[in-house]
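Undergrad: Test case, fold it:
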Amino acid sequence: MKLIIAIGLFGLCFTQFVWAERADREKPIYLEADRATVEDVNRKESNRVSVFTGNVILTQGTLRISADKVIMKEDLHGFRYATAIGDLVSFRQKRDGLNEYVEGWSQRAEYDSKTDKIELFRQARLKRGSDEVQGDYISYDMKTEFFKVIGSKERGDETGPDKRVRITIQPKNKSE
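TA: Residues are numbered from 1 along each chain as shown. Predicted coordinates:
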């Protein structure tokens, strides 16, 4: 519990009032893959599920997710939920108003377009500028740039490679 509080406080120090590229939410989602299975686009009674496999690249504005496989669900209101799986899934998104990107890597990532959140599972790593966090699980809110990091020991997995959370904070230039 102390670790989560410490990370929360660290997140407040690490957070600047700059958000992920706001215009991305209004842009279309593009998907590329070796293979795709897409359900009927006229389905009205439930979520639509599409599966993309083989070198999948999802882009929406400056957001880019690369994976071996992506399962995309679309709800009745048009919100999309993507689960990306791979040897290492990667994502990258430009920060609003800055020439800087937030990047992340993990074995599985779940993206929710309704809440603008991405969750990274297993060997999770998030980099913002020259600062970096690592753990077994990272939840990242793309609107507020708030994140939560948990080690595998905290999640109840004593054998996981990322038992502890690791954080690197680079010194800032006094003029910043």
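Undergrad: what's the following helix or strand after the helix or strand bottoming out on mean pLDDT in the chain?
TA: In the chain, no helix or strand scores lower on mean pLDDT, DSSP states H and E than helix 2-14, which sits at a mean of 40. Heading C-terminal from helix 2-14, the first helix or strand you meet, by DSSP states H and E, is strand 30-32.
Undergrad: Could you list every helix and strand in contact with the helix or strand following that following strand?
TA: Using DSSP H and E, the helix or strand that follows strand 30-32 in sequence is strand 35-38. Contacts defined by 3 or more C-beta pairs under 8 Å, 6 or more residues apart in numbering; DSSP states H and E place strand 35-38 against strand 48-60. C-beta here means a position set from N, CA and C on the backbone, and glycine is covered the same way.
Undergrad: Point out where the protein drops to low pLDDT.
TA: Low-confidence segments of the chain (pLDDT under 70): 1-23, 25, 40-45, 154-162, 174-176.
Undergrad: At the geometric centre of it, which residue sits there?
TA: residue 118 (3.3 Å; C-alpha atoms, centre = their mean).
Undergrad: Which strands border the strand or helix carrying it, and is each parallel or antiparallel?
TA: Assessed by DSSP H and E, residue 118 sits inside strand 117-128. In the sheet, strand 117-128 lines up against strand 101-112 (antiparallel), strand 131-141 (antiparallel) (DSSP bridges).
Undergrad: export those strands to CSV and tack on distance to residue 123 and mean neighbour count?
TA: CSV is the format used below for those (distance: least, C-beta to C-beta, whole Å; neighbours: other C-beta atoms under 10 Å):
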stretch, distance to residue 123, mean neighbour count
strand 101-112, 6, 20
strand 131-141, 8, 21
